[in-house]
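Visitor: Quick one, structure for this:
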Amino acid sequence: MNAEHTGSDSSPTAPPPLGRRERNKQEKLKRIVAAARALFRDKGFAETTTQQIAEVADIGTGTLFLYARSKEDLLVMVFRDEMIETARRAFAEIDPDLPLLDQLIELFGAMLEYHARDTALARILLKEAMFPEADGRHTDISELLSVIYAGIAEMVTRARASGRCAQGADASRVAENLFANYYMDLLGWLAGLTTREQFPRRLRQHLAITLGDDAGAAR
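Guide: Sure thing, here's the model as predicted:
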């Protein structure tokens, strides 16, 4: 006799489809971010106005302020989307057989290239990211950092599994420290304390110290 199935189906279910109102909101947000991205690129941050962004997005200025309180908020939104895309592409392209230190240099090199496209804008951007005034900016930065930290932690875990990285602290905390090394060197470069040519060597040394890689620090 077959046993009667009494358990519940624990397989994940698809989320319910979005309602029309929510779809409209998301579509407007996409248009706003796309408009801001294009105008910041073509006109520059300082010369772009929120009215221009609203016009390109084909919405009223009042509607724009329902999604972002200021031009700075929009800058962070654009930055979040572009940097998440940059980070994910870099993670996908990194050779996992490289030493962890070299993988990190490739990852952070891709991020540096993003900022190097417009250093004046990068300075404004990092100021807004470091001292967010709106709750939405906190959320945007947290979303970006979670993607970066998770990717680096996976790199650390993979290197440990292959015996090419010392076991130690929690991989997530190590990822945060490694990103902090990059971030401080990035700020130093944008502040003019180091040159573009000096940046890779200084970053390699700082990352190697965090990893306990004496050979890497000496290079």
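Visitor: so residue 165, which of the three states?
Guide: Local secondary structure at residue 165 is given as coil here, using DSSP: H, G, I helix; E, B strand; the rest coil.
Visitor: For the chain, which residues score under the pLDDT cut-off?
Guide: 1-18, 133-135, 214-219 (pLDDT under 70).
Visitor: Domain-wise, how is it divided?
Guide: Taking automatic domain parsing as the domain assignment, the ranges for the chain are 22-67, 70-218.
Visitor: With mean neighbour count as added columns, please give the ones you listed in a markdown table.
Guide: Every residue, glycine included, has its C-beta placed from N, CA and C. Below are the domains of the chain laid out as a markdown table (neighbours: other C-beta atoms under 10 Å):
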| stretch | mean neighbour count |
| --- | --- |
| domain 22-67 | 16 |
| domain 70-218 | 16 |
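Visitor: Could I get the contacting residues of residue 185?
Guide: For residue 185, the set of contacting residues under the criterion of C-beta atoms under 8 Å, 6 or more residues apart in numbering consists of 194, 199, 202, 203, 206.
Visitor: That one sits in which helix or strand?
Guide: Secondary structure from DSSP states H and E places residue 185 in helix 171-190.
Visitor: Check which element follows that helix along the chain.
Guide: helix 199-211.
Visitor: who's in contact with that next one?
Guide: Among residues not part of helix 199-211, those counted as contacts by C-beta under 8 Å, 6+ apart are 100-101, 104-105, 108-109, 112, 165-166, 174, 177-178, 181-182, 184-185, 188-189, 194, 213-217, 219.
Visitor: Helices of this structure, residue ranges please.
Guide: Along the chain, counting by DSSP state H, helices occupy 20-43, 50-57, 61-67, 71-93, 100-116, 119-130, 135-161, 171-190, 199-211, 214-218.
Visitor: on that earlier part again, just the CA coordinates for the helix holding residue 185, please, in CSV.
Guide: This file holds the C-alpha atoms of helix 171-190, laid out as CSV (Å, rounded to 0.1, in the frame of the first residue of the first chain):
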residue,chain,number,x,y,z
ALA,A,171,35.3,35.9,5.2
SER,A,172,32.7,38.6,5.3
ARG,A,173,34.8,40.7,7.7
VAL,A,174,37.9,40.1,5.6
ALA,A,175,36.0,41.3,2.6
GLU,A,176,35.1,44.5,4.4
ASN,A,177,38.7,45.1,5.4
LEU,A,178,40.0,44.5,1.9
PHE,A,179,37.4,46.9,0.4
ALA,A,180,38.4,49.5,3.1
ASN,A,181,42.0,49.2,1.8
TYR,A,182,40.9,50.0,-1.7
TYR,A,183,38.6,52.8,-0.6
MET,A,184,41.2,54.6,1.4
ASP,A,185,43.7,54.4,-1.5
LEU,A,186,40.9,55.6,-3.8
LEU,A,187,40.3,58.7,-1.6
GLY,A,188,44.0,59.4,-1.5
TRP,A,189,44.3,59.3,-5.3
LEU,A,190,41.2,61.5,-5.8
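Visitor: Thanks again, I'm all set now.
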